[in-house]
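Student: what follows is a predicted protein model with its sequence.
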Amino acid sequence: MRPYESVAFQFSHHIMHADGRIEHKTQALFARPGEFPNFEFVRALRKALSDDNGTIFRWAAHENSILLHIEEQLIKTDGVPDRDELLDFIRSVVTDKRGEVTHIGHRAMEDLNTLARRVFFHPLTKGRTSIKKVLPAVMACSTALRHKYGQPVYGTRIPSLNFKHGFAWIEHLPTGELRDPYERLKTLSTEMLGTAEADEVAPAEDDNEVEVAEGGAAAMAYARLQFEDLSPEHRAQIEQALLRYCELDTFAMVMILEAWL
């Protein structure tokens, strides 16, 4: 590989059914040390999305760009027995604007970030459209969302692969404001990794402390799984933190879509 090539090691997949049911259907994490994950990633994603013909949502360009990069890697790699099938899948879900011709797959992912940029305006976003800015703003202006997810329905009424005992995503602070779900996840991650509550912890100076609450931290956690000599217990804690973070990232799209609908 060349420097700065993409490595796709994780995805999460929720389904919003036509009758209103929601479930965390599929997830994958490929973090075994020394194993190139990209082609296994695409195989698993293809399998996860092959059971229905529903609209596939993404947020911004990242997922589209990563799949286009893996397409290039597949083309240049010999000895991949299912290469044609994987290439067909990638081309069916991406929008490719490279060069003079634009390719739009028959099931190309729909970008919710574009919708937010065009039609959703709220002071809490401060003019930005990242999902971490839009989700708290949507929570603040949606009574239905606050009522539903202020109760511990996630993991009980809504099936989850990582939250098993009922979890309330929306929490009111003593000030009356809503607690950012990504801040809540940071706390959960530090608890899982055996550190103190996130709100009580100064920026980590100890390399053994990992808070998986943003994409950069997730990449660092993956690097630790690759290159550090970790105990099986510590490795499992980091993997669980990654899975919970990724699940929130896709469930955030579900909550935003519910509020908009």
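Tutor: In hand now; what should we look at? Numbering: from 1, shown residues only.
Student: please make it C-alpha for all contacts and neighbour counts, starting now.
Tutor: OK.
Student: spell out the residue ranges of the helices in the stretch 101-250 of the chain.
Tutor: For the stretch 101-250 of the chain, the helices defined by DSSP state H, counting those that start in this stretch cover 112-119, 131-141, 143-149, 181-192, 215-227, 232-260.
Student: the second one: which residues count as buried?
Tutor: Along helix 131-141, the positions that meet the burial threshold by neighbour count (16 or more other Cα atoms under 10 Å) are 131-139.
Student: now swap in the longest one and tell me
Tutor: Residues of helix 232-260 classed as buried by neighbour count (16+ other Cα under 10 Å): 234-235, 237-256, 259.
Student: same check on the third one?
Tutor: With burial defined by 16+ other Cα under 10 Å, the residues of helix 143-149 counted as buried are 145-146, 149.
Student: ok now it, how far from the chain's centre?
Tutor: Remark: helix 143-149 is offset 22 Å from the chain centroid, using Cα atoms, centre = their mean, to the nearest Å.
Student: now the residue in the chain sticking out farthest from the centre. Its backbone dihedrals?
Tutor: Distance from the C-alpha centroid of the chain peaks at Glu100, with 31.3 Å (Cα atoms, centre = their mean). Backbone torsions for Glu100, taken as degrees, to the nearest 10, come to phi -90, psi -20.
Student: contacts only, for it.
Tutor: Listed by Cα atoms under 8 Å, 6 or more residues apart in numbering, Glu100 has no contact partners.
Student: how about His62?
Tutor: His62 neighbours (Cα under 8 Å, 6+ apart): none.
Student: distance of it relative to Glu71?
Tutor: Noted for His62: a distance of 14 Å to Glu71, by Cα to Cα, to the nearest Å.
Student: re earlier: turn the buried residues of helix 143-149 into a markdown table, including distance to Leu86 and pLDDT.
Tutor: Output for the buried residues of helix 143-149, formatted as a markdown table (distance: Cα to Cα, whole Å; pLDDT from 0 to 100):
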| residue | distance to Leu86 | pLDDT |
| --- | --- | --- |
| Leu145 | 38 | 93 |
| Arg146 | 40 | 91 |
| Tyr149 | 37 | 93 |
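Student: reformat those as CSV; add distance to Val7.
Tutor: Formatted as CSV, the buried residues of helix 143-149 follow (distance: Cα to Cα, whole Å):
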residue, distance to Val7
Leu145, 35
Arg146, 36
Tyr149, 33
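Student: let me know the closest of those to Pro33.
Tutor: When these are ranked by distance to Pro33 (Cα to Cα), Tyr149 comes first, at 37.2 Å.
Student: that closest one contacts Ala168, correct?
Tutor: Yes: under the criterion of Cα atoms under 8 Å, Tyr149 makes contact with Ala168 at 5.5 Å.
Student: below-threshold pLDDT in the stretch 101-250 of the chain: ranges please.
Tutor: 184-185, 187-215 (pLDDT under 70).
Student: find the residue closest to Arg235 in space, skipping its chain neighbours.
Tutor: Leaving aside its sequence neighbours, Arg235 sits nearest to Leu225 (Cα to Cα, 6 or more residues apart in numbering; 6.6 Å).
Student: so what's that neighbour up against?
Tutor: Contacts for Leu225 (Cα under 8 Å, 6+ apart) come out as 31-33, 235, 238.
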